[in-house]
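Trainee: One predicted model, sequence on top.
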There are 2 protein chains.
Amino acid sequence: IGDVSKIATDDYVGFTFFVGSMAMMAASAFFFLSLNQFDKKWRTSVLVSGLITFIAAVHYFYMRDYWDQVGESPTFFRYVDWVLTVPLMCVEFFLILRVAGAKVGLMWKLIFWSVVMLVTGYFGEAIAIGNPTMQWVWGLISGIAYFVIVYIVWFGEAKKLAETAGGAVLKAHKVLCWFVLVGWAIYPLGYILGTEGGLFGLQLVSDIDAAQMSMNVVYNIGDAVNKIGFGLVVYAAAVASQTKVEA
Amino acid sequence: IGDVSKIATDDYVGFTFFVGSMAMMAASAFFFLSLNQFDKKWRTSVLVSGLITFIAAVHYFYMRDYWDQVGESPTFFRYVDWVLTVPLMCVEFFLILRVAGAKVGLMWKLIFWSVVMLVTGYFGEAIAIGNPTMQWVWGLISGIAYFVIVYIVWFGEAKKLAETAGGAVLKAHKVLCWFVLVGWAIYPLGYILGTEGGLFGLQLVSDIDAAQMSMNVVYNIGDAVNKIGFGLVVYAAAVASQTKVEA
Ligand SMILES: CC1=C(/C=C/C(C)=C/C=C/C(C)=C/C=O)C(C)(C)CCC1
Ligand SMILES: CC1=C(/C=C/C(C)=C/C=C/C(C)=C/C=O)C(C)(C)CCC1
């Protein structure tokens, strides 16, 4: 660390940045160092789990120090992380469904929609500030892209492949679907929380500082659940499918 | 590091932060680099030992620099570490008992009580400052949760499983039980030491600066014993159970 400033005991944003960075770091070490125990079919999936937490770890150390020194945590930084980790999660969906014959096209489709979701979300959250109508429009487009992803994994192509695969893959896919529906929903919630004047007529927290604060705590907890949890589901599937083969 | 300030020869807190960070770092390298010699059954346990010291290592480097620059070491930071490493120790108890058929439920039970212990402890130590009654109440709840953990590992479910497993597992479990009872007791002692005006009518050190000082030295020594020692016990069990199989 370079300079540090005094930290307050009730600085929950700072606290969750700290715990988050350590947790992401430990998770990365866990995924990376367990690679050896898996055979080729599963190794890439576990490796990608590790990449997601590793990107987050390094980024969280930065965001933690930024928060410590500047006392803010601009949304800007969140998108730096998402723009890499969300497409990697799409890759993950593809990788575990590959055994059931998933085509690379599925991966690109998911990645495409995730990029649309994030780019339009960024326009709404960072560029259209002070223009509630445009924030509304961008947020809506982003939400539609999010919905397309939910549809593909819950009911579309991905769902069918998971059913073909069965066993550990189907189980993992089901859990990951819930991550996308419930875990990811935290982020649009943060968008609504953090948008001045609210969004869609919703204004959950009226004080903008308190809104930013709660948004950051929620994002930090959400990130830990979504990234580490997501990775652990893949890890568990890998373990389950290997022990069955060996037995 | 960015800036450093001159260190005093009798700065025992600084000295133990230094030694602590190096020791944790070395222990992590030791656990991680020895993974290859273990088979799957034990590898995850040794890996988790490494994660515990790894989190501590990175965190100790931070606390060391913070101490150097700010001249304090708020309790806040201790909890950043504990909130991750104590649940990981609960995972460790589960992992070594898995051979005897431990259910994941046992792990979640231990994690649950450890989180209760830490959250209520934090309220007492950081939020309820200046309100001795509430500090007393939170400390008591935390203590009860601690007692539940001690009970489970010493006499409850965990104990029974260890007896079923026998051999290296039973031996390791016994030692780990002592860690929980004696090693972990250092932390509530620090709580009493560091609480202004004392706790439960106990006031071990009356000068609050001296109390903070001694608390930090005690925590640093305690951490090294609990984290590295705990990991080494698991490591030894892994070695013992493998040599028996090989012989
Ligand atoms: C729908 C929607 C959004 C969705 C964001 C999501 C779903 C982000 C997911 C991030 C993950 C999973 C991170 C890594 O763990 C935005 C962009 C906030 C803008 C408002 C509308
Ligand atoms: C009972 C009790 C506590 C117990 C803390 C413990 C038992 C911490 C263990 C930490 C470990 C094992 C760290 C890693 O090595 C608190 C929270 C101080 C609050 C006062 C009551």
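Mentor: All right, it came through fine. Numbering: from 1, shown residues only, chains lettered A, B, ... in the order given. Ligands and ions are numbered 1, 2, ... in the order given.
Trainee: Show me which residues of chain A sit near ligand 2.
Mentor: For chain A, no residue is in contact with ligand 2 (CB under 6 Å from any ligand atom). Every residue, glycine included, has its C-beta placed from N, CA and C.
Trainee: So in chain A, which helix runs the longest?
Mentor: Scanning chain A for the helix with the most residues, using DSSP state H, yields helix A:40-70.
Trainee: and that one, what does it pack onto?
Mentor: helix A:12-33, helix A:75-97, helix A:230-246 (3 or more CB pairs under 8 Å, 6 or more residues apart in numbering or on different chains; DSSP states H and E).
Trainee: Enumerate every residue touching A:Val218.
Mentor: Counting by CB atoms under 8 Å, 6 or more residues apart in numbering or on different chains, A:Val218 makes contact with A:186, A:189-190, A:193.
Trainee: Show me which residues of chain A sit near ligand 1.
Mentor: In this structure, chain A approaches ligand 1 at residues A:82, A:85-86, A:117-118, A:121, A:139, A:142-143, A:146, A:184, A:187-188, A:191, A:223, A:226-227, judged by CB under 6 Å from any ligand atom.
Trainee: Burial check on the nearest residue to A:Ser28 once chain neighbours are set aside, number of neighbours?
Mentor: Of all residues beyond its chain neighbours, the one nearest A:Ser28 is A:Phe54 (4.1 Å), with distances taken as CB to CB, 6 or more residues apart in numbering or on different chains. Using other CB atoms under 10 Å in any protein chain shown, A:Phe54 has 20 neighbouring residues.
Trainee: How about A:Val153?
Mentor: Neighbour count for A:Val153, taken as other CB under 10 Å: 23.
Trainee: I'd like to check what contacts the host helix or strand of it. Which residues are they?
Mentor: For A:Val153, the element it lies in under DSSP states H and E is helix A:132-154. With contact meaning CB under 8 Å, 6+ apart, helix A:132-154 is reached by A:90, A:93, A:106, A:109-110, A:113-114, A:116-118, A:120-121, A:123-125, A:128-129, A:158-159, A:173, A:176-177, A:180-181, A:184, A:188, A:191, A:195, A:197, A:199-200.
Trainee: from the middle of its chain, how far away would the strand or helix carrying A:Val218 be?
Mentor: For A:Val218, the element it lies in under DSSP H and E is helix A:208-223. Distance of helix A:208-223 from its chain centroid, counting by CA atoms, centre = their mean, to the nearest Å, is 15 Å.
Trainee: and chain A, which of its residues are near chain B?
Mentor: Within chain A, the positions near chain B by CB under 8 Å from any CB of the partner chain are A:1-4, A:6-7, A:9-11, A:15, A:18-19, A:22-23, A:25-26, A:29-30, A:33-34, A:36-37.
Trainee: Could you write me a PyMOL select line covering just the buried ones among these?
Mentor: Entered in PyMOL, the line below selects the buried ones among the residues of chain A next to chain B, by 16 or more other CB atoms under 10 Å in any protein chain shown:
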select buried, chain A and resi 1+4+7+9+11+15+18+19+22+23+25+26+29+30+33+34+37
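Trainee: Tell me the spacing between A:Val46 and A:Asn226.
Mentor: 17 Å (CB to CB, to the nearest Å).
Trainee: I should have written A:Val86 there, sorry.
Mentor: Separation of A:Val86 from A:Asn226 (CB to CB) stands at 9 Å.
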